[in-house]
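A.B. asks: no sequence on this one, just coordinates:
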């Protein structure tokens, strides 16, 4: 097995190859003056007849990272790779997973279909927005792994479990809070939005458990603009929480998300290395490496 | 036939539909906060059972425009288009048309292969960098049309033919100068670089014809950074040319290209609408419309 790090691997390729004890190579890359991507694999002949793992995440600029991934797949196919396994730690366009309105593309379908037809045999994603989307991948197999085990370990060691309440930002994400809480033997709930009957303001609070005097940990898959999390943090503190921590897999942090979280008095944000961010303290390399062992053996 | 204008159609969709007298629809598009593209086709059901032409150029940001094109193709396929014809006036990544070094992708292959496997039946490009690249398209047919007829008309009417000498920037592009010159009954030649034997400077001059006292028209397929054209202009004027005009199909004009051309005393730049630019005075809609008539009938 050979693990190739694309321009948007965020060094996960190195960490995965180290765990598995296999060869790791980096792609040389640059931009042409018109911003087209240039890639090159030195000693490319070593991919011949091999199981080739390409690690390339699709964080912004996601469109550029996607084309680079297509180029890499086509390249290792040209040079005779036996099996192509694409590790996409953060899958872009995954939130457009159905037609919310007629006339919209199912963007995640287009992305996954493109990857399969250009030559990917197996696909690994991490905490994809909706696991059902993997049905659009037409290769030999598509797998989603979760960062919850590695996040749990980090929380146990660095946040502590005393008086900690796990909250999902909405009902749809409750399963994630449940999974994390059950690993750590903690209480969990989800946050509900409601309109204050006197002031008309939008408020947010847990469905059944009071945050008063509790340390709160909000868990989500993606932090994008940070708006929901900032609101949840402010409201939790207002309702008497002593601290608010936030854990997520993909810290996209677009626009002024970092500033928003700071102003909302979030004590600590914990994220993984699927996307580079100032909060990426936890690596998903162990869970990806474990899945790769399962695919190749 | 229905002609759909993608986010990077540069209004060519309207012009083509008008010439052909067919229905034209525009794609609604916006960006999400994390810069993912959102697209929507209103009244999408009209594509069912139709020959659908998607006009989307791949000028920068080329990677974004490429994903948008994939999304559109997949979308009209989902809604039952009978035939999908992709008009890509400017094809990005076309200059990486072979492996200049081992370990490089043949990027134009990856792009054309992706378009065919996602669902394009016929492809039309305009002055693709190398026509041989079209072999990588795996659909029913791929055609390159040339802007030379529409550029010729414009030059005849707006530059005039008197004392005009047509020059290609290098030997490989001589056929283009020949084609333009033969339509206008003009002399033509190509520019050769050489090193001055005394100063060591790189100079440039026509292979066999003197530019002294001549009006010079340099023709190229793409103006990217404008470096070659600026050098050719300065040298031609130095060698006695009275005016320098530049004609091209794709005016990408990256970085400070406009400034460079101005400083090199180019009198006028003539470009087409395959790429939006301040010089896009000529539309390629007529040559594309003619090819579409040929494909559909």
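C.D. replies: Received it, and whenever you're ready, just let me know what you need. Only a predicted model underlies this, so the values are computations on that prediction, with no experimental measurement involved. Numbers count the residues shown, from 1 in each chain, chains lettered A, B, ... in the order given.
A.B. asks: Quick check: residue A:113 touching residue B:77?
C.D. replies: No. Using CB atoms under 8 Å, residue A:113 is not in contact with residue B:77; the gap is 9.9 Å. In short, each C-beta sits where N, CA and C put it, glycine included.
A.B. asks: Identify the contacts common to these two.
C.D. replies: In terms of CB atoms under 8 Å, 6 or more residues apart in numbering or on different chains, residue A:113 and residue B:77 are both contacted by the residues residue B:118.
A.B. asks: all helices for the stretch 51-200 of chain A, in order.
C.D. replies: Per DSSP state H, counting those that start in this stretch, the stretch 51-200 of chain A has helices spanning A:62-78, A:107-118, A:148-158, A:174-184. These are given in chain order.
A.B. asks: same question for the last one, mean pLDDT?
C.D. replies: Per-region confidence: helix A:174-184 scores 96 on mean pLDDT.
A.B. asks: Given the lowest-mean-pLDDT helix or strand in chain A, what are its sheet partners and their directions?
C.D. replies: Least confident helix or strand of chain A, by mean pLDDT, DSSP states H and E, is strand A:202-206 with a mean of 85. When sheet partners are counted by DSSP bridges, strand A:202-206 sits next to strand A:187-195 (antiparallel).
A.B. asks: now the angle from the partner strand to helix A:174-184?
C.D. replies: What separates the directions of strand A:187-195 and helix A:174-184 is an angle of 150 degrees, with axes from the mean of the first three to the mean of the last three CA atoms, to 10 degrees.
A.B. asks: Just want the angle from the helix or strand containing residue A:294 to helix A:148-158.
C.D. replies: Element membership of residue A:294, judged by DSSP states H and E, is helix A:285-296. Relative orientation of helix A:285-296 and helix A:148-158, computed by the same axes, to 10 degrees: 150 degrees.
A.B. asks: buried ones in helix A:285-296?
C.D. replies: By 16 or more other CB atoms under 10 Å in any protein chain shown, the buried positions in helix A:285-296 come out as A:285-289, A:291-292, A:295.
A.B. asks: Kindly report the same for stretch A:235-246.
C.D. replies: By neighbour count, and taking 16+ other CB under 10 Å as the criterion, the buried residues in stretch A:235-246 are A:235-237, A:239, A:241, A:243-246.
A.B. asks: gap between the two ends of it?
C.D. replies: According to CA to CA, to the nearest Å, stretch A:235-246 extends 14 Å from its N-terminal end residue to its C-terminal end residue.
A.B. asks: Please list the outside residues in contact with it.
C.D. replies: Counting by CB under 8 Å, 6+ apart, the neighbours of stretch A:235-246 from elsewhere in the structure are A:155, A:159, A:163, A:167, A:203-205, A:210-220, A:223, A:229, A:232-233, A:261, A:264-270.
A.B. asks: among those residues, which are in strands?
C.D. replies: In this view, these that belong to strands under DSSP state E are A:167, A:203-205, A:215-220, A:223, A:268-270.
A.B. asks: what's the farthest-apart pair in those?
C.D. replies: Across the ones in strands among the contacts of stretch A:235-246, the two members that end up farthest from each other (CB to CB) are A:203 and A:270, 25.7 Å apart.
A.B. asks: what's the span of stretch A:51-67, first residue to last?
C.D. replies: End-to-end span of stretch A:51-67 (CA to CA): 22 Å.
A.B. asks: That one - what's its average pLDDT?
C.D. replies: The predicted confidence, averaged over stretch A:51-67, sits at 98.
A.B. asks: I'd like to check what contacts the helix holding residue A:294. Which residues are they?
C.D. replies: With contact meaning CB under 8 Å, 6+ apart, helix A:285-296 is reached by A:1, A:12, A:15-16, A:18-20, A:51, A:53, A:83, A:85, A:87, A:89, A:122, A:124, A:126, A:141, A:143, A:145-147, A:149-150, A:273.
A.B. asks: Just the buried ones out of those residues, please.
C.D. replies: Among these, those buried by neighbour count (16+ other CB under 10 Å) are A:1, A:12, A:15-16, A:19-20, A:51, A:53, A:83, A:85, A:87, A:89, A:122, A:124, A:126, A:143, A:145-147, A:149-150, A:273.
A.B. asks: Give me the subset of those lying in strands.
C.D. replies: Members of the buried ones among the contacts of helix A:285-296 lying in strands (criterion: DSSP E): A:51, A:53, A:83, A:85, A:87, A:122, A:124, A:126, A:143, A:145.
A.B. asks: can you list the residues of the stretch 101-250 of chain A near chain B?
C.D. replies: When proximity is defined as CB under 8 Å from any CB of the partner chain, the stretch 101-250 of chain A approaches chain B at A:101-107, A:109-110, A:113-114, A:117-118, A:224-225.
A.B. asks: Residue A:53 reaches residue A:3, doesn't it?
C.D. replies: Yes. Because the distance of 4.6 Å satisfies CB under 8 Å, residue A:53 is recorded as touching residue A:3.
A.B. asks: Overlap of the contact sets of these two?
C.D. replies: A:13, A:16.
A.B. asks: ok, now how distant is the residue of chain A most remote from its centre from residue A:204?
C.D. replies: With distances taken as CA atoms, centre = their mean, the residue sitting farthest from the centre of chain A turns out to be residue A:198, at 39.3 Å. To residue A:204, residue A:198 is 16 Å away according to CB to CB, to the nearest Å.
A.B. asks: So what sits opposite residue A:269 in the bridge?
C.D. replies: Beta bridges link residue A:269 to residue A:246 when assigned by DSSP bridges.
A.B. asks: is it true that it touches residue A:260?
C.D. replies: No. Using CB under 8 Å, residue A:269 is not in contact with residue A:260, being 11.1 Å away.
A.B. asks: Neighbour count: those two, which is higher?
C.D. replies: Taking other CB atoms under 10 Å in any protein chain shown, residue A:269 and residue A:260 do not tie; residue A:269 has more neighbours (25 against 19).
A.B. asks: what sits against residue A:183?
C.D. replies: With CB under 8 Å, 6+ apart as the criterion, the residues that contact residue A:183 are A:148-149, A:152.
A.B. asks: same thing but at 6 Å, please
C.D. replies: Taking CB atoms under 6 Å, 6 or more residues apart in numbering or on different chains as the contact definition, residue A:183 lies against residue A:152.
A.B. asks: separation between it and residue A:162?
C.D. replies: Applying CB to CB, the value for residue A:183 to residue A:162 is 16 Å.
A.B. asks: Kindly report the same for residue A:266.
C.D. replies: From residue A:266 over to residue A:162 the distance is 19 Å, taken as CB to CB.
A.B. asks: Between these two, which is the more surrounded one?
C.D. replies: Neighbour tally, residue A:266 and residue A:162, criterion other CB under 10 Å: the higher count belongs to residue A:266, 23 against 7.
A.B. asks: wait, isn't the more buried one in contact with residue A:233?
C.D. replies: Yes. Counting by CB atoms under 6 Å, residue A:266 does reach residue A:233; the two are 4.9 Å apart.
A.B. asks: Quick check: residue A:34 vs chain B, distance?
C.D. replies: Computed with CB to the nearest CB, to the nearest Å, the distance linking residue A:34 and chain B is 5 Å.
A.B. asks: I am finished for the moment; much appreciated.
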